[in-house]
Structure formats: structure tokens, C-alpha cells
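Asker: need coordinates for the following:
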Amino acid sequence: MKKLFSILAAAAVLTSALVSTFIFGACTPEEKIIRIAASANPHAIILRAIEQELNNQGFELEIFEQGWELQNNVLAGGDVIANFFQHRPFLNNWNIQNNQNLVAHAGIHFEPLGIFQGARSDLNSLVSGDRIIFPNDATNGTRALNLLEKHGLVNWIGGEEARNNVLSNWQTTTQGVTLYPVAAATLTSHRQEAALAVINGNWALQGNIVDLRLVYETDEVGAAYTNVIAIRAGTQNDPRIIALTNALQSEHVKNHISTQFQGMLVANFD
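Answerer: Reported below is the predicted structural model:
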């Protein structure tokens, strides 16, 4: 009788465990969870395109959509194993300013910087009193000013000094036109207050102003600003990082980028 009760009790425990697994799902081991911080558009959208592939390999992808201001901090603090929002020049500058050593592990795509219509619909129609707005951070600001120079709207007057976004080192080619740096995330909302606006591709997508782009960077220039998967130093051999990188640097993602983002993104796996 005792043996019978033991068998029945064991069966009950097994049944309970099976029911719990069926209802609540099996717990994923920590070493199979890929936690990554990302900007909502386009980075999180790209990540969702590889979610099924990672699931097929036994990994669970957890995407934490955050503003760019927080993502390097949460990566350095260990809350995620990677982030996806920035290019190498931005990361290098952040590391210097914050005494950190985050690593640009794998390039995925770049977002060509463009000059967009504001009050003016032509690059050659600027007049005195007009304003050109562009990103106020050091890396994208310098990048924007170089683009304006390429199209004859500003001149570099900083001599032998390294290119930068210091306004006194630049001069507009139309007298009375001013340069005005603003936060990158607000460029689309301020665009109509300016004659022209220099805007990153991701913000143009979110602002639904793709059709208002007048000119944009060449692929050669844009590739220097390829958005990367950033990780902590020493974690490059983590199976989760390897799986994430392989899934992102795939023909599937390349096709997804080319068809989903209206030319605002260009795949560049490096």
C-alpha cells in the first residue's frame, strides 16, 4: 500500500510540473537570454526581424527600448549584454568622456545624414536671415557641417585644427545665414522653423519626412558612421553575442533593411 501511495504521489508531482510548464512555459536559462537595449526605430525593428531565428537556436531575445542617452550606461552597468543605437565615432567619444571601455563589436547599418527641406525647398535659395539647423552633439554635428560644406553652404575656416562642430570655425557662404545646433531628437519638430535641416536617417523615418530629403551623404562617407552592436570588453566570445551577431549580419537582415526603410538605411556588415 505504501508503495502504491508513493507511486501516486510521484505521478501527482509530475503531472503538476507538466501542467505548470504547459500553462506558464518553461523557464529560459540565463545563459540563453539575450538582453539588449535599442532605440525604437529602426534598431528595435531590425532586432525583431531576427527574433524567430534566435528562438530556433534556443535563445530568448529581450529588447529594452530606451532613449540613446541611457543605453551605454545600462550596458556598462551590466543590465544588458549589448546595445544597438550608435556609430563608432559616437561610442569612442562617449568612452573618453565617461572613462569606459565599451567595444564596437559588429557593424550592421548606417543611416545617411541628409539635408531636408524647411522653409526652403532648394539648397540655392537661402537668403539673409535664414537659419540652418543640425545635430548639436560633437560627432553628428561635425558630420552635418561637412555635408553642408560638400554642397557649398558653409566653409571651414578653422585652419589646421581638426574638424569639429565649433561654430566659430565655420562660415556660411550666404551672408546673414546662421547655423543653429539643436538636439538631434528635436530636429524634425523644429524643421519648419528653419530654412534647412540636417537630420539623421532614423529621426527622418520617425518624423515621416523621407520625401523632403534634398541631398544625402555618399555611401563612402556614411559607412564611417555604421551603427554597431556595442558590448562590454571581454564578452565577444559569449555564445549569446555570437548568435546575435550572426543573426544580424545575415542576408535576411540585409534584405529587410533594403525593403523596409525607404532608403534611409544601408546595410553595412563590418
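Asker: stretch 215-224: end-to-end distance?
Answerer: End-to-end span of stretch 215-224 (CA to CA, to the nearest Å): 18 Å.
Asker: restricting to C-alpha, output stretch 56-64 in CSV.
Answerer: In CSV, the C-alpha atoms belonging to stretch 56-64 read as follows (Å, rounded to 0.1, in the frame of the first residue of the first chain):
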residue,chain,number,x,y,z
ASN,A,56,15.0,28.5,-33.3
GLN,A,57,18.5,28.3,-31.8
GLY,A,58,17.2,28.1,-28.3
PHE,A,59,17.8,31.8,-27.4
GLU,A,60,15.2,34.3,-26.0
LEU,A,61,15.6,37.8,-27.2
GLU,A,62,14.6,40.6,-24.7
ILE,A,63,14.6,44.1,-26.3
PHE,A,64,14.6,47.1,-24.0
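Asker: and this structure, what are its domains?
Answerer: 28-112+224-267, 114-216 (automatic domain parsing).
Asker: let me see the contact set for the residue nearest to the spatial centre of the chain.
Answerer: Central residue of the chain (CA atoms, centre = their mean): residue 85, 2.4 Å from the mean position. Neighbour list for residue 85: 37, 38, 39, 43, 68, 71, 227 [criterion: CB atoms under 8 Å, 6 or more residues apart in numbering]. Placement of C-beta: from N, CA and C, glycine included.
Asker: please enumerate the strands of this protein.
Answerer: Ranges of strands in the chain, per DSSP state E, are 33-38, 60-65, 82-87, 103-110, 114-117, 131-135, 154-156, 170-172, 178-182, 196-199, 213-216, 227-231, 266-267.
Asker: tell me which of those sits nearest to residue 188.
Answerer: strand 196-199 (6.4 Å; CB to CB).
Asker: so how far is residue 185 from the residue nearest to the centre of the chain?
Answerer: 12 Å (CB to CB, to the nearest Å).
Asker: what is the least confident helix or strand in this structure?
Answerer: helix 2-24 (a mean of 40; mean pLDDT, DSSP states H and E).
Asker: residue 66 - nearest residue in space that isn't next to it in sequence?
Answerer: Nearest residue to residue 66, sequence neighbours excluded (CB to CB, 6 or more residues apart in numbering): residue 37, at 5.1 Å.
Asker: number of nearby residues for the one you found?
Answerer: The tally of other residues near residue 37 (other CB atoms under 10 Å) stands at 27.
Asker: pretty sure residue 136 contacts residue 182?
Answerer: Yes. With contacts counted by CB atoms under 8 Å, residue 136 reaches residue 182, the gap being 5.7 Å.
Asker: verify the stated contact: residue 213 with residue 204.
Answerer: Yes. Using CB under 8 Å, residue 213 is in contact with residue 204, at 6.7 Å.
Asker: out of those two, which sits in the busier spot?
Answerer: It is residue 204, of residue 213 and residue 204, that has more neighbours when counted by other CB under 10 Å, with 26 against 19.
Asker: list the residues that contact that one.
Answerer: 114, 116, 188, 210, 213, 264.
Asker: dump those into JSON lines; add pLDDT as well.
Answerer: Converted to JSON lines, those look like this (pLDDT from 0 to 100):
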{"residue": "114", "pLDDT": "96"}
{"residue": "116", "pLDDT": "98"}
{"residue": "188", "pLDDT": "96"}
{"residue": "210", "pLDDT": "92"}
{"residue": "213", "pLDDT": "96"}
{"residue": "264", "pLDDT": "91"}
